[in-house]
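Visitor: sequence and predicted structure, then a few things I'm wondering about:
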Amino acid sequence: METAMVVQTAGWLMIGGTALRALWWAGSSALSGVRRQRLSRELISQVLEEAEKRLDAYEPSLSQAPAAQPQLMPLRIVRREYESADRSVCSLYLAAPDGAPLMTYGPGQFLTISLKGKDGRPLQRCYSLSEMPTRPQRYYRITVKRLDGGPDSPDGAASTRLVEELGAGDFVSAAAPAGSFMLDQVSDKPV
């Protein structure tokens, strides 16, 4: 019982001390009014400026930060199939050059394909994996629709290369399958 009284008394002393400090501050601010208000604004402004400077010092510059590059692997086009009568949609089957099994993937994931454009500049595009995942995975299948871009437009540059120009035996570079938007394979609900 005595311990509870000591703890309760200590608590009241802390509350009383805080209240006395608040009253002292309020009384002194009433006495010095405008001067204290001006000093408080200046002090707050200085503190905020210093905090912003510290934050700026810790924030890396975008020009200095290295761009994250996915690890690319070479893939060989082993087969192509046109999926439309006008030959604007094409499925490409991509395999490892040595025929080794590829990383497995989930339904809904994609490949980031990297290839060179006609002008030699790199082109990177993401294409959904369009084959049902099987194990062991011997190839990736992507289905590409050719986009028609203007002569100076980057739109369609990658899809045109993939659909019209590259064929069996040609190589592209690709990152590992990625994407977190995957179909739930456990659920029995229709997609």
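Guide: The structure has been received and is ready for your questions.
Visitor: ok, then the element right after the helix or strand of the chain with the lowest mean pLDDT?
Guide: Lowest by mean pLDDT, DSSP states H and E among the helices and strands of the chain is helix 2-58, with a mean of 61. Downstream of helix 2-58, the first helix or strand assigned by DSSP states H and E is strand 72-82.
Visitor: mind giving me the packing neighbours of that following strand?
Guide: If you count contacts as 3 or more Cβ pairs under 8 Å, 6 or more residues apart in numbering; DSSP states H and E, strand 72-82 packs onto strand 89-95, strand 171-175. All C-beta atoms are positioned from the backbone trio N, CA, C, and that covers glycine.
Visitor: between these, which one is nearest to residue 113?
Guide: Each of these has some distance to residue 113 by Cβ to Cβ; the shortest is strand 171-175, at 5.3 Å.
Visitor: angle of that closest one against strand 72-82?
Guide: Using axes from the mean of the first three to the mean of the last three Cα atoms, to 10 degrees, one finds that strand 171-175 and strand 72-82 are set 120 degrees apart in direction.
Visitor: what about strand 171-175, average pLDDT?
Guide: Averaged over strand 171-175, pLDDT sits at 89.
Visitor: cool, and stretch 114-130?
Guide: Mean per-residue pLDDT for stretch 114-130: 86.
Visitor: could you do stretch 82-95 as well?
Guide: 91.
Visitor: and residue 53, which of the helices and strands packed on strand 72-82 is closest to it?
Guide: Smallest distance to residue 53 across the helices and strands packed on strand 72-82 (Cβ to Cβ): 38.8 Å, for strand 171-175.
Visitor: flag every buried residue along that closest one.
Guide: Residues 172, 173, 174, 175 are the ones in strand 171-175 that count as buried (16 or more other Cβ atoms under 10 Å).
Visitor: possible to save the helices and strands packed on strand 72-82 as CSV with distance to residue 108?
Guide: Shown next, in CSV, are the helices and strands packed on strand 72-82 (distance: least, Cβ to Cβ, whole Å):
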stretch, distance to residue 108
strand 89-95, 17
strand 171-175, 16
